[in-house]
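1. Following is a predicted model, sequence given first.
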Amino acid sequence: GESVGLHLPTLSVQEGDNSIINCAYSNSASDYFIWYKQESGKGPQFIIDIRSNMDKRQGQRVTVLLNKTVKHLSLQIAATQPGDSAVYFCAETGNTDKLIFGTGTRLQVFP
Amino acid sequence: EPEVTQTPSHQVTQMGQEVILRCVPISNHLYFYWYRQILGQKVEFLVSFYNNEISEKSEIFDDQFSVERPDGSNFTLKIRSTKLEDSAMYFCASSELAATDTQYFGPGTRLTVL
């Protein structure tokens, strides 16, 4: 069946450290993966995406890694800042219109 | 930077009443979506819309729900007879060329059914 799940519900990091948020997916037909950030009371905000023909993509302070062999996706945030505190969702889609979201990981950044 | 907008930000209604949630997608986007998020849970797909018709819907999107693009800019979600369990955040999203393009989300409408 289709499912996207997250390994850790809450991640606490110190300001300046790197953060790694993980996600597992089960639909091997999925070929597009996205990380969204959601702050309290707001809509999901696009962070970075990756297609299945790649295994790594970098943005500004963020890197997404895709391991299709084990169906694993991760988001790395370098030099985590207080403004990075939010819930992070991975989402996937295949040959369908809908995004399937994971349950979310709350990132807490401490000074 | 263009963004998806939604109104109202918060809607309170009585059970059994009809509500219409409104969205203005990004202007050059062709695909439109509604998602919902029950408090503390993950975001769930409701429906996608392209070329003035529903292209995909979830099992949540039953006969009580309908979508419409009444003009060139608005995209609406109507719930005909609200139930307590319809209380949630409703997010509109749009993407440019295809469902596998990046979907950009609006700020959401919080629907509270009493």
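-> Arrived safely. Numbering: from 1, shown residues only, chains lettered A, B, ... in the order given.

2. alpha carbons only for contacts and neighbour counts from here, please
-> Will do.

3. okay, now residue 43: neighbour count?
-> Unless you meant another one, I'm taking chain A. Here the number of neighbours of residue A:43 (other Cα atoms under 10 Å in any protein chain shown) works out to 23.

4. my question was about chain B
-> Residues contacting residue B:43 under the criterion other Cα under 10 Å number 24.

5. what pLDDT does it get?
-> On the pLDDT scale, residue B:43 is placed at 92.

6. roughly how far apart are it and residue A:86?
-> Summarising the geometry, the distance separating residue B:43 from residue A:86, computed by Cα to Cα, to the nearest Å, is 15 Å.

7. Same question for residue B:40.
-> Counting by Cα to Cα, the gap from residue B:40 to residue A:86 is 13 Å.

8. Who has more neighbours out of those two?
-> Counted by other Cα under 10 Å, residue B:40 and residue A:86 do not tie: residue A:86 has more neighbours, with 18 against 9.

9. For that one, give me the pLDDT.
-> pLDDT, residue A:86: 95.

10. try residue A:4
-> Value listed for residue A:4 in the pLDDT field: 54.

11. gap between residue A:16 and chain B?
-> 28 Å (Cα to the nearest Cα, to the nearest Å).

12. Contact partners for the residue nearest to that residue when sequence neighbours are not counted?
-> Of all residues not flanking residue A:16 in the chain, residue A:79 sits nearest, at 4.1 Å (Cα to Cα, 6 or more residues apart in numbering or on different chains). Applying Cα atoms under 8 Å, 6 or more residues apart in numbering or on different chains, we find residue A:79 in contact with A:15-19, A:61.

13. and those, which are buried?
-> Buried by 16 or more other Cα atoms under 10 Å in any protein chain shown: A:15, A:19, out of the contacts of residue A:79.

14. so of the contacts of residue A:79, which ones are in strands?
-> Filtering those for membership in strands, criterion DSSP state E, returns residue A:19.

15. Which residue, other than its chain neighbours, is closest to residue B:45?
-> Of all residues beyond its chain neighbours, the one nearest residue B:45 is residue B:35 (4.5 Å), with distances taken as Cα to Cα, 6+ apart.

16. Tell me which strands the host helix or strand of that neighbour pairs with, and in which orientation.
-> Taking DSSP states H and E as the criterion, the element that holds residue B:35 is strand B:31-37. When sheet partners are counted by DSSP bridges, strand B:31-37 sits next to strand B:44-50 (antiparallel), strand B:88-95 (antiparallel).
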